[in-house]
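In: need a structure here:
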Amino acid sequence: MAALSLEDVLAAVETLRRETQTQLAALRSELDTLKGQRAGASAAKPEAAGSDEVSPETLVMMAAVVTAYLGKKVRVRSAKMLQTPYEIINPWAQHGRVIVHASQNLQRGR
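Out: Predicted coordinates:
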């Protein structure tokens, strides 16, 4: 087995760094293109306020972001909007959650 020198390792790291920067630049340009398309689509067709449905453009944008983060192609099959804490919460449901959490008392060792 041949021994690697420090120069070989540094050269490999530099090559990897250059390849990564090239890939990041390509992904940034693709993301900018998608943002431009998204801006054009939202200007052409405004979404209804309070809609629970996620638009197909948003799903494509989410898939592009996750693909850029993970480094491999992904497909977003579905998504839904979550409630924000500032929206009206059903008090009966909140009280039920409080009871469930309170029933989970753990006894500490003595």
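
In: what number of residues lie near residue 35?
Out: When neighbours are counted by other C-beta atoms under 10 Å, residue 35 registers 12. Bear in mind the C-beta positions are built from the backbone N, C-alpha and C, glycine included.

In: go on, residue 67?
Out: That count, for residue 67 with other C-beta under 10 Å as the rule, works out to 17.

In: mind checking the SS state of it?
Out: helix (DSSP: H, G, I helix; E, B strand; the rest coil).

In: what's near enough to touch it?
Out: Residues in contact with residue 67 (C-beta atoms under 8 Å, 6 or more residues apart in numbering) are 73-74.

In: and it, what pLDDT?
Out: We have a pLDDT of 91 for residue 67.

In: any idea how far it lies from residue 20?
Out: According to C-beta to C-beta, to the nearest Å, residue 67 and residue 20 sit 15 Å apart.

In: and the helix or strand where residue 39 lies, which residues are buried?
Out: Assigning secondary structure by DSSP states H and E places residue 39 in helix 6-44. For helix 6-44, a neighbour-count test (16 or more other C-beta atoms under 10 Å) marks 27, 34 as buried.
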